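**Student:** okay, here's the prediction I keep looking at, along with the sequence it came from:
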Amino acid sequence: MGFDLNNWYNEKRQGDIILEYAGSISSDVISNTLAEFESKINMSEDLKRVRKKVYNVLVECLQNLYHHVDEPPENVELDEKDKYGAVILTRDGTFFRISTGNFIKKDKINSIKDRIDQVNSLSDDEVKILYREILNNSEFSDKGGGGLGILDIVRKTGNKLEYNFFQVDDDYIFYALDVYIS
Amino acid sequence: METIIREETLKTPFVKFDSDKGLIEIKGRSIPENSIEFYKPLIDWLDKYADQPTGKTSVNIKLEYFNTSSSKCILDIFRKLELLHKKGNEVEINWYYEEDDEDMFEAGEDYQSIINIPFKMIEMED
C-alpha cells in the first residue's frame, strides 16, 4: 500500500492546532470553520495584520477545495465522501501553517504543478503584475477567480507554496498543499 | 429607481445603492462561494442608473475582507462607474482601508491601475 491518509493527517497536526477539519467541504462548513478561527484567535493588536492574512488565506484555501476537489476513489474509506477535503491550521510561535489535502484525478497533476511552479518562480513584483493582468483580462467562471486564488495566497503570504502528490491508485492522486504565513 | 439595501451576512457585505442620493456603499466582508449570484443584481442596477444618474455619484468601499471570487465582480462595478464617468458624470470613489492593512491598500491600488477614475485612499484608524 502506498499512501496512508491517516499518516499524512497526523503529520500535519504537529504543533499547536488552531483548527482542523476533514470531510465534506460545503458552504456551511466553510462558514463554521471561519467562525471557529475567529473565536479561537484572539491575539494582541500587533498580530492583527497576521490574523487578517491568515483569515484571507484560509478563505482562499477552503474555497479552492470547495470548487475543485474530485470525489475520492471507491476503495478509500471515509465517513464523508462528497466533496472530501482536509484542512489543518497550526501555529508555531509567529508562524502559521495551513495544510490542505484532497483527492484529484491523475490527469490534473500537470496543470496544478505547472501553475504552482510558475507562481513560485515569480518575484513579488511579478506576482503583483500577473495578478492585475488576470484580474483585468480573464473571464471568470462561476466556480471562482480564474486562477487568482493561488496567486493571491502567494502575494499575501510572500512565501512559496509547498505541494506533494501522493499516488493513491492508478487513477487517483492525493494532492497536499502547505501554506506558511508569518 | 428602487434603492437596494442588503444587510451584512457572514459572507456578504452591507450594500446600499441609492439613486436619489447618488450614493453607493459596500461595507464589510465579501467572501461568498458564488459571488456572481450576489453581485449580478448590483451590476444590473448600475446599468439602469447610468440612464439617469444623480448629479454626482459618491462611492464608498469599506471592505474588511474580500475573496478572489469577489474581486472580479468588484472590478465589474468599477467598470460600470468608469463608463458613467466617461460620459461626463462626476464620480467620486472612496477606498477605505484599516490602518496598517497593506493588503487592502494594495487591492485599492490594483483597481486604480485598471480603472480610469481617481480613487481617494482613506486610512481608518482603529
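**Tutor:** Perfect, thanks for sending it.

**Student:** just the CA coordinates for the helix ranked longest in chain A, please, in PDB.
**Tutor:** Taking DSSP state H as the assignment, the helix of chain A that covers the most residues is helix A:48-68. Taking C-alpha atoms only, helix A:48-68 is exported to PDB below (Å, rounded to 0.1, in the frame of the first residue of the first chain):
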ATOM      1  CA  LYS A  48      -3.800  41.800  13.800                       C
ATOM      2  CA  ARG A  49      -2.000  42.100  10.500                       C
ATOM      3  CA  VAL A  50      -1.100  38.400  10.600                       C
ATOM      4  CA  ARG A  51      -4.600  37.400  11.700                       C
ATOM      5  CA  LYS A  52      -6.100  39.200   8.700                       C
ATOM      6  CA  LYS A  53      -3.700  37.500   6.400                       C
ATOM      7  CA  VAL A  54      -4.300  34.100   7.900                       C
ATOM      8  CA  TYR A  55      -8.100  34.700   7.600                       C
ATOM      9  CA  ASN A  56      -7.800  35.700   3.900                       C
ATOM     10  CA  VAL A  57      -5.600  32.800   3.000                       C
ATOM     11  CA  LEU A  58      -7.900  30.400   4.900                       C
ATOM     12  CA  VAL A  59     -10.800  31.600   2.800                       C
ATOM     13  CA  GLU A  60      -8.900  31.000  -0.400                       C
ATOM     14  CA  CYS A  61      -7.700  27.600   0.700                       C
ATOM     15  CA  LEU A  62     -11.200  26.400   1.700                       C
ATOM     16  CA  GLN A  63     -12.900  27.800  -1.400                       C
ATOM     17  CA  ASN A  64     -10.200  26.200  -3.600                       C
ATOM     18  CA  LEU A  65     -11.200  22.900  -2.000                       C
ATOM     19  CA  TYR A  66     -14.900  23.700  -2.400                       C
ATOM     20  CA  HIS A  67     -14.600  24.400  -6.100                       C
ATOM     21  CA  HIS A  68     -12.000  21.900  -7.200                       C
END
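
**Student:** just the buried positions in that helix, please.
**Tutor:** By neighbour count, with 16 or more other Cβ atoms under 10 Å in any protein chain shown as the criterion, the buried positions of helix A:48-68 are A:50-68. Every C-beta, even on glycine, is put in place using the N, C-alpha and C of the backbone.

**Student:** and stretch B:1-19, which residues are buried?
**Tutor:** The neighbour-count check on stretch B:1-19 (16+ other Cβ under 10 Å) flags B:11-13, B:15, B:17-19 as buried.

**Student:** who touches that stretch?
**Tutor:** Among residues not part of stretch B:1-19, those counted as contacts by Cβ atoms under 8 Å, 6 or more residues apart in numbering or on different chains are A:31, A:34-35, B:20, B:23-33, B:38, B:41-42, B:45-46, B:48-49, B:52-54, B:63.

**Student:** at 7 Å what do you get?
**Tutor:** A:31, B:23-32, B:38, B:42, B:45, B:48-49, B:54, B:63 (Cβ atoms under 7 Å, 6 or more residues apart in numbering or on different chains).

**Student:** okay, how far is it across that stretch, tip to tip?
**Tutor:** For stretch B:1-19, the separation between the terminal residues is 6 Å (Cα to Cα, to the nearest Å).

**Student:** again with stretch B:3-15
**Tutor:** According to Cα to Cα, stretch B:3-15 extends 10 Å from its N-terminal end residue to its C-terminal end residue.

**Student:** give me the phi and psi angles of residue 95.
**Tutor:** This is for chain A. Dihedral pair for residue A:95: phi -100, psi 130, per degrees, to the nearest 10.

**Student:** I was thinking of chain B, sorry if that wasn't clear
**Tutor:** phi -110, psi 110.

**Student:** just checking, what packs against the lengthiest strand in chain B?
**Tutor:** Scanning chain B for the longest strand, with DSSP state E as the assignment, gives strand B:56-66. The elements that strand B:56-66 packs onto, with contact taken as 3 or more Cβ pairs under 7 Å, 6 or more residues apart in numbering or on different chains; DSSP states H and E, are helix A:48-68, strand B:23-30, helix B:68-86, strand B:90-98.

**Student:** gap between residue A:103 and chain B?
**Tutor:** Relative to chain B, residue A:103 is positioned 20 Å away (Cβ to the nearest Cβ, to the nearest Å).

**Student:** in the host helix or strand of that residue, what counts as buried?
**Tutor:** Here residue A:103 is covered by strand A:95-105, with elements defined by DSSP states H and E. Applying a neighbour-count criterion of 16+ other Cβ under 10 Å, one finds A:96-104 buried in strand A:95-105.

**Student:** would you format those residues as TSV with pLDDT included?
**Tutor:** Putting the buried residues of strand A:95-105 into TSV (pLDDT from 0 to 100) gives the following:
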residue	pLDDT
A:96	93
A:97	96
A:98	97
A:99	97
A:100	97
A:101	96
A:102	96
A:103	94
A:104	94
